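Q: Below: sequence and its predicted model.
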Amino acid sequence: MTQPNHCFSDAERRGLYRAIYERRDVRSQFLPDRTPPDVLARLLEAAHHAPSVGFMQPWDFIVIESCEVRETVLSMFEQENQKAAGRFEGERQERYRSLKLQGIMESPLNLCITCDRDRGGPHVLGRNSIVDTDLFSTCLAVQNLWLAARAEGIGVGWVSILEQAQLSTALNLPEHVYPLAYLCLGYVSEFLDQPELEAKGWRSRLPLHELVHRDTWGNR
Ligand SMILES: Cc1cc2c(cc1C)N(C[C@H](O)[C@H](O)[C@H](O)COP(=O)(O)O)c1[nH]c(=O)[nH]c(=O)c1N2
């Protein structure tokens, strides 16, 4: 069969889907090896090529290697995680407490991807009706980086069990800059073949057919 124009080669497509299916959220498998600067540069470049509302490019990348900053963030995590555990009861709480939900100190590099809510001035094309489209754009930058990192053999873990105002203070962010994603990055001993939360019996992947609706909600 002839391939439609603009289609990637079979090998290229396999590579893309492999990155999608084999990307993992990593907390426990980090190695201490430093991420080479050229690899980090490629990851940041991939993130910077994400789509963004009105081409706003609202992201900044705070590259964090300092042990002091990471220790501060870890203690903020511990405080929030304690509160989070308290929201579950009994066996579920025990299971929650057994989960490892961050790799802040084990990963050699932390990265905070922020969203500058003022970038591009007061009227950004496409953002007038849905103001949070700047945040959505920044999430896409995170995903680009996450997939590129998988292709480079680098694990990424997203830590969101953090209080936003505390994180902003720890990173000295101006008021109009939102700390969207706090990430732990580094080479790993392995990529698990399923999400760690699934492997540990917390939650499983939902069947896709239950999530697909035809024309209106509930029509299968
Ligand atoms: C916005 C957001 C926030 C978080 C996460 C993800 C996203 C998208 N995830 C990772 C999450 O648990 C993981 O993606 C799912 O369990 C699916 O696993 P895989 O990413 O497919 O390995 C995550 N993981 C974790 O250990 N601590 C955390 O605080 C968070 N926070």
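A: Perfect, thanks for sending it. Being a predicted model, the structure only gives us computed values, none of them experimental. Residues are numbered from 1 along each chain as shown.

Q: so the residue nearest to Gly153 when sequence neighbours are not counted, which of the three states?
A: Counting by C-beta to C-beta, 6 or more residues apart in numbering, Gly153 lies nearest to Tyr187, which is 6.3 Å off, once chain neighbours are set aside. Yep, even glycine has a C-beta here, placed from its N, CA and C like the rest. Here Tyr187 is recorded as strand under DSSP: H, G, I helix; E, B strand; the rest coil.

Q: Up against the ligand, what does this structure have?
A: Where the chain comes near the ligand, counting by C-beta under 6 Å from any ligand atom, the residues are Arg24, Asp25, Arg27, Leu101, Gln102, Gly157, Trp158, Val159, Ser160, Ile161, Pro195, Leu197.

Q: tally of neighbours for the second one?
A: As a burial measure, the neighbour count of Asp25 was computed by other C-beta atoms under 10 Å and equals 18.

Q: can you pull the contacts of it?
A: Under the criterion of C-beta atoms under 8 Å, 6 or more residues apart in numbering, the neighbours of Asp25 are Val156, Gly157, Trp158, Pro195, Glu196.

Q: just for the chain, where's the confidence low?
A: Residues of the chain that meet the criterion pLDDT under 70 lie in 1-4.

Q: So which residues of the chain form strands?
A: 59-64, 109-116, 154-159, 177-187 (DSSP state E).

Q: re the thing from before, filter the residues of the chain next to the ligand down to the buried ones and hand me the PyMOL line.
A: Provided next is the PyMOL selection string for whichever of these are buried by 16 or more other C-beta atoms under 10 Å:
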select buried, resi 24+25+27+101+102+157+158+159+161
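
Q: on that earlier part again, check the contacts of Asp25 against the ligand and report the nearest one.
A: Ranked by distance to the ligand (C-beta to the nearest ligand atom), those are led by Pro195 at 3.0 Å.

Q: That closest one and Arg23 touch, don't they?
A: No. Checked against C-beta atoms under 8 Å, the pair Pro195 and Arg23 is beyond contact range at 10.0 Å.
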